[in-house]
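sequence-free structure coming up:
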């Protein structure tokens with residue numbers, strides 16, 4: 001589309017009567033759409049932005065500022081399209097590899113409100129960052145297990161396995177007749193290229209997205225006093241600018257990955273050199289390498305622990321020396337470890353498996369302890385100021401962190417088990433992956449049984465809700481001829497939509513079961529040092545049979561899961577529709593800045609929120625007011641976040657219209673520190689007016705539920721869905737059940753938009769509390785926000 005010139009002025013309204021023009025800024029939700037659909041016009045023109053995110057108008061409205069008389073009775077509609085931020089080209093399919101990192105980053109933002117306990121809030125953030133660090137180490141350790149242990153150490157060191165895989169022949173002493181690469185240390189050094197390349201790929205993806213997303217600067221303004229914006233951190237000037245922290249964490253995690261590879265390469269050689277009778281020089285070098293590894297690990301942990309986010313100001317500083325030197329030092333240490341391991345050592349042969357059980361066991365134990373500590377801190381914060389609507393009584397963050405660790409374990413165990421089966425399908429030539437990974441795979445069937453029970457409970461609950469909704473549907477459509485099938489379909493849709501509110505229970509059961517089963521797997525692996533089937537020999541026949549079944553089924557399931565994961569990623573790389581589906585997942589998961597893990601998918605809101613803030617600020621400054629920002633689904637969350645970023649004077653000149661909004665139903669419950677009742681109430685007070693539309697058939701959107709008497713001022717009564725029960729003169733054909741879509745097709749949307757535009761005045765609005773009564777509304781609920789006079 002042809003790009004139009006910008007026509008709004010930042011210097012104030014011109015003398016052509018621009019102040020008389022009103023603006024409606026539309027923001028779409030998850031999955032995205034096109035500007036033609038948003039504006040209901042096939043001819044649109046981009047007035048600001050680029051191919052990633054832009055503001056569009058209808059072609060006939062491109063010069064609306066110069067013709068204010070043509071828009072006296074209607075607003076100028078603009079559409080902000082941001083879907084390419086989450087579903088762009090095929091490389092976005094690689095983001096599937098980052099799923100555990102995204103989930104643990106979500107846990108950081110699920111902290112309960114601090115209410116003055118800043119030290120506890122900082123400790124919470126620190127624990128989540130350390131959990132994220134263990135996930136990086138786990139992923140790289142899994143790559144080391146596959147490349148170094150299974151391929152280079154076990155398969156290449158076993159003649160039968162090496163003969164079956166000719167590409168490993170030059171590494172096998174038996175197949176290649178003792179060539180230069182057949183020494184164990186040199187095989188490990190060559191295989192280290194794989195995990196080192198994975199670490200480099202993660203660093204590159206993070207650097208690339210950091211340059212595109214975290215480099216977008218919000219509006220530079222002085223921070224507001226705490227008593228005015230203290231209800232949420234989203235109003236702080238530096239909230240959507242995490243450039244410095246992400247750079248520090250990227251350096252630390254890259255160094256951690258390289259140090260993990262260094263340990264995997266150098267530790268086997270050092271253990272061999274520490275035996276009596278070896279060369280003293282190599283023994284000394286081995287001790288020096290281990291000491292350097294300890295020092296490097298301490299430096300990485302110090303960097304992760306030392307500094308959190310800077311939100312009260314735009315922190316434009318970059319720790320250049322740290323960002324460059326820490327990964328470079330780790331890379332130099334890896335090169336030295338490769339040279340050290342490649343040194344000739346007579347008598348050193350590869351037998352058994354590398355000691356991966358201790359490494360994976362330490363990671364699993366550390367993750368469990370971090371999650372438990374995180375739960376203790378979250379519970380203490382929640383008890384300070386309990387919120388009955390908070391998910392899992394404030395324990396949503398620890399539960400999600402546990403799921404992130406479980407995802408990391410499944411991915412690492414899946415790839416290890418799948419490669420082991422591929423290298424040695426019979427299981428007779430090589431020992432295979434560490435015992436702990438086999439135990440972790442064996443607990444998947446019991447976990448699935450628990451999930452099946454939960455699904456059964458959900459099905460029963462949905463059936464009960466559907467029965468209860470039958471009478472409600474009849475009341476909502478009085479005087480209509482009874483249609484049993486129609487009533488049943490509407491009631492079932494409402495019941496299924498209501499299951500969203502049972503999400504916290506599902507997450508709670510899943511995470512608690514995962515924690516208990518993970519602890520049992522860790523204890524079983526460390527105490528028996530044998531797979532579950534072998535450890536159960538000699539026990540009762542039922543126990544032994546259950547252990548064998550769980551081990552075989554778990555190995556098959558974890559391998560199948562890995563194959564499906566790779567297949568989905570490959571399909572998403574080639575298929576735009578599949579990539580769009582992944583983009584919907586990222587719409588929800590990548591709203592928050594990367595505060596806990598630098599390798600998580602980038603935060604699109606660090607581009608979208610400044611875009612919306614700049615657009616609203618320039619319009620209100622140029623026209624003196626008259627702006628309604630209209631957000632659907634995830635777009636309502638972006639709209640609210642952008643409104644918080646405005647100055648107080650600009651914030652009071654806009655009205656907010658949300659529909660199908662998850663602001664309270666999802667964000668308010670799972671992220672109470674930022675979208676809790678206090679935060680949403682402060683937003684209602686600080687903007688001119690706010691109206692929210694929702695349906696009982698919507699599984700995502702819901703009421704805002706502001707406390708006190710503010711709720712009816714924001715929430716309209718639930719919209720009817722479908723609009724008509726049967727055939728009528730105005731609806732001769734059956735109306736569909738819309739659920740989460742097509743809110744703009746409801747007459748209530750046009751009505752609410754007109755009321756909001758009518759309330760806005762050209763100058764700064766009067767204080768909210770005046771003697772003017774609220775405008776009575778349709779559907780029995782008050783319309784508009786009481787207290788402000790209409791235009």
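Received, thanks. Quick caveat, the model's predicted, so the values are computed rather than measured.

measure residue 81 to residue 22 for me?
Using Cβ to Cβ, to the nearest Å, residue 81 is found at 21 Å from residue 22. The way it works is simple: take the backbone N, C-alpha and C, and place the C-beta from them, glycine included.

what does residue 690 give?
From residue 690 to residue 22 the distance is 17 Å (Cβ to Cβ).

Likewise for residue 538?
Counting by Cβ to Cβ, the gap from residue 538 to residue 22 is 81 Å.

Same question for residue 734.
Taking Cβ to Cβ, one finds residue 734 at 36 Å from residue 22.

So for those two, which sits in the more crowded spot?
The neighbour comparison of residue 734 against residue 22 (other Cβ atoms under 10 Å) goes to residue 22, with 25 against 13.

can I assume that one is in contact with residue 626?
Yes. Under the criterion of Cβ atoms under 8 Å, residue 22 makes contact with residue 626 at 4.0 Å.

shared neighbours of these two, which are they?
75, 757, 760 (Cβ atoms under 8 Å, 6 or more residues apart in numbering).

With pLDDT and secondary structure as extra columns, can I get these in TSV?
Below are the shared contacts of residue 22 and residue 626 laid out as TSV (pLDDT from 0 to 100; DSSP: H, G, I helix; E, B strand; the rest coil):
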residue	pLDDT	secondary structure
75	83	coil
757	81	helix
760	70	coil
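
between those residues, which is closest to residue 187?
Ranked by distance to residue 187 (Cβ to Cβ), the shared contacts of residue 22 and residue 626 are led by residue 75 at 69.3 Å.

what's the neighbour count on that closest one?
When neighbours are counted by other Cβ under 10 Å, residue 75 registers 22.

Against residue 612, how distant is it?
Residue 75 is 17 Å from residue 612, by Cβ to Cβ.

Contact partners for residue 736?
Residue 736 neighbours (Cβ under 8 Å, 6+ apart): residue 722.

residues in contact with the closest residue to residue 289 other than its chain neighbours?
With Cβ to Cβ, 6 or more residues apart in numbering as the criterion, residue 289 has its nearest non-adjacent residue at 4.9 Å, and that residue is residue 266. Remark: with contacts taken as Cβ under 8 Å, 6+ apart, residue 266 is in contact with 286, 289, 290, 293, 337, 340, 341.

And the pLDDT for residue 266?
We have a pLDDT of 93 for residue 266.

Now the helix or strand containing it: buried residues?
Per DSSP states H and E, residue 266 falls inside helix 243-273. In terms of neighbour count (16 or more other Cβ atoms under 10 Å), helix 243-273 has its buried residues at 243-270, 272-273.

and if you look at stretch 490-499?
For stretch 490-499, a neighbour-count test (16+ other Cβ under 10 Å) marks 490, 491, 492, 493, 494, 495, 496, 497, 498 as buried.

Mind putting the residues you listed into JSON lines with distance to residue 46, secondary structure and pLDDT?
Below are those laid out as JSON lines (distance: Cβ to Cβ, whole Å; DSSP: H, G, I helix; E, B strand; the rest coil; pLDDT from 0 to 100):
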{"residue": "490", "distance to residue 46": "41", "secondary structure": "helix", "pLDDT": "94"}
{"residue": "491", "distance to residue 46": "44", "secondary structure": "helix", "pLDDT": "94"}
{"residue": "492", "distance to residue 46": "42", "secondary structure": "helix", "pLDDT": "94"}
{"residue": "493", "distance to residue 46": "37", "secondary structure": "helix", "pLDDT": "94"}
{"residue": "494", "distance to residue 46": "40", "secondary structure": "helix", "pLDDT": "94"}
{"residue": "495", "distance to residue 46": "43", "secondary structure": "helix", "pLDDT": "94"}
{"residue": "496", "distance to residue 46": "39", "secondary structure": "helix", "pLDDT": "93"}
{"residue": "497", "distance to residue 46": "36", "secondary structure": "helix", "pLDDT": "92"}
{"residue": "498", "distance to residue 46": "40", "secondary structure": "helix", "pLDDT": "93"}
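
ok, so of these, who is nearest residue 385?
residue 498 (27.8 Å).

my guess is that closest one contacts residue 465, does it?
Yes. Counting by Cβ under 8 Å, residue 498 touches residue 465, with 5.4 Å between them.

okay, and the common contacts of those two?
Common neighbours of residue 498 and residue 465, using Cβ under 8 Å, 6+ apart, do not exist here.

how much space between residue 753 and residue 74?
With Cβ to Cβ as the criterion, residue 753 and residue 74 are 10 Å apart.

for residue 318, same thing?
47 Å.

I appreciate the help and will end here.
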